[in-house]
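A.B. asks: Just to be clear, the model below is a prediction. Sequence and coordinates:
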Amino acid sequence: MTQLNLDFISSPSWSTDTPGAWSNYSVDAPLVSSVPNAKVQFTSPFTIAAWIKRTAIDSTGRYWLCKDDGLGTNDYAIISGFGAGTNFALFSSNDNYIAQIACPDTNWNHYAFTYDGTDVVAYMNGSVDSTTTITLTMNVSSGPVVVGSYLSGTFPGNGNLDDVVLVEQCLDATAIASLFAGTIPTFSTEAAVWKFEEGSGSTAYDSGYTAPAIVRKRINSRLSLLGVG
């Protein structure tokens with residue numbers, strides 16, 4: 001099992017605010033990044049999922065998670081600020097935005113995007129939001145994963161993040177519902193899973209689950225992007 005830990009570019013601080021009372025990691029200037037390994041170099045299939053809470057709705061393009069080649073080309077990314085600012089979108093380098101989810105509120109919401117080689121399915125709070133039939137040509141690089149912003153802290157998210165999951169597997173609707181309910185499902189391959197439960201320090205540790213489902217503990221911490229931009 002290979003860990004893909006994330007180091008904070010700036011010093012973290014702590015507070016509490018949780019999605020569904022599940023435990024989260026909290027900092028005021030997250031900007032976490034790491035050079036990844038093969039388990040997050042997606043071609044097909046894949047799943048990208050995270051809890052996100054915005055402090056405000058705006059039309060600024062804000063990166064919540066991205067993998068980049070280090071030269072300004074996204075392998076993939078979740079970006080908000082579309083559709084009068086309400087929409088979250090999945091991007092890839094060669095296909096621009098692939099699917100959008102409309103979310104006109106500032107509550108905690110769970111977003112997930114899956115791809116099986118034919119369809120991109122967008123989920124919000126455990127339910128299917130849309131299905132887009134598309135043949136993706138993914139950029140595959142050895143560049144970093146960045147959580148909370150684009151490269152070097154630019155285009156930061158404005159709010160909080162929790163339970164980020166990246167896996168080269170198309171999770172089905174039951175597994176996505178499990179993530180929404182706070183249970184890590186069983187993966188058929190190595191996954192990058194950042195639960196942000198450390199509570200101190202400057203590293204977010206990758207759980208890297210391939211084991212059976214594990215129910216989350218409730219310890220009230222989360223990753224906050226407040227103060228980033």
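C.D. replies: Thanks, I have it.

A.B. asks: For the helix or strand encompassing residue 100, buried residues please.
C.D. replies: Using DSSP states H and E, residue 100 sits within strand 96-102. Under the neighbour-count criterion of 16 or more other C-beta atoms under 10 Å, strand 96-102 has 98-101 buried. C-beta: built from backbone N, CA, C; applies to glycine.

A.B. asks: Pick out the most distant pair among those.
C.D. replies: 98 and 101 (11.3 Å; C-beta to C-beta).

A.B. asks: Overlap in contacts, those two.
C.D. replies: Shared contacts of residue 98 and residue 101, defined by C-beta atoms under 8 Å, 6 or more residues apart in numbering, comprise residue 89.

A.B. asks: give me the number of residues near residue 196?
C.D. replies: 26 (other C-beta atoms under 10 Å).

A.B. asks: Please report how far it lies from residue 207.
C.D. replies: Distance, residue 196 to residue 207, using C-beta to C-beta, to the nearest Å: 10 Å.

A.B. asks: Ranking helices and strands of this protein by mean pLDDT, which lands last?
C.D. replies: strand 214-215 (a mean of 41; mean pLDDT, DSSP states H and E).

A.B. asks: in which helix or strand would I find the nearest residue to residue 92 once chain neighbours are set aside?
C.D. replies: Distances taken as C-beta to C-beta, 6 or more residues apart in numbering place residue 76 nearest to residue 92, at 5.2 Å, with adjacent residues excluded. Counting by DSSP H and E, the secondary-structure element that holds residue 76 is strand 74-82.

A.B. asks: For the next helix-or-strand element following that strand, which strands pair with it and how are they oriented?
C.D. replies: Per DSSP H and E, the first helix or strand lying C-terminal to strand 74-82 is strand 87-92. Using DSSP bridges, strand 87-92 pairs in its sheet with strand 74-82 (antiparallel), strand 96-102 (antiparallel).

A.B. asks: Now do the end-to-end distance for stretch 85-105.
C.D. replies: End-to-end distance for stretch 85-105, by C-alpha to C-alpha, to the nearest Å: 10 Å.

A.B. asks: Next: stretch 179-188.
C.D. replies: Using C-alpha to C-alpha, first and last residues of stretch 179-188 are 15 Å apart.

A.B. asks: tell me how far it is from the chain's mean position?
C.D. replies: Relative to the chain's own centre, stretch 179-188 is displaced by 14 Å; criterion: C-alpha atoms, centre = their mean, to the nearest Å.

A.B. asks: Next up, the contacts around residue 89.
C.D. replies: So residue 89 contacts 78-80, 82, 97-101 (C-beta under 8 Å, 6+ apart).

A.B. asks: Just say helix, strand or coil for the residue nearest to residue 41 when sequence neighbours are not counted.
C.D. replies: Spatial nearest neighbour of residue 41, chain neighbours left out: residue 140 (5.0 Å); criterion: C-beta to C-beta, 6+ apart. Three-state call for residue 140 (DSSP: H, G, I helix; E, B strand; the rest coil): coil.

A.B. asks: shouldn't residue 140 be in contact with residue 38?
C.D. replies: No: with contact defined as C-beta atoms under 8 Å, residue 140 does not count as touching residue 38 (9.3 Å).
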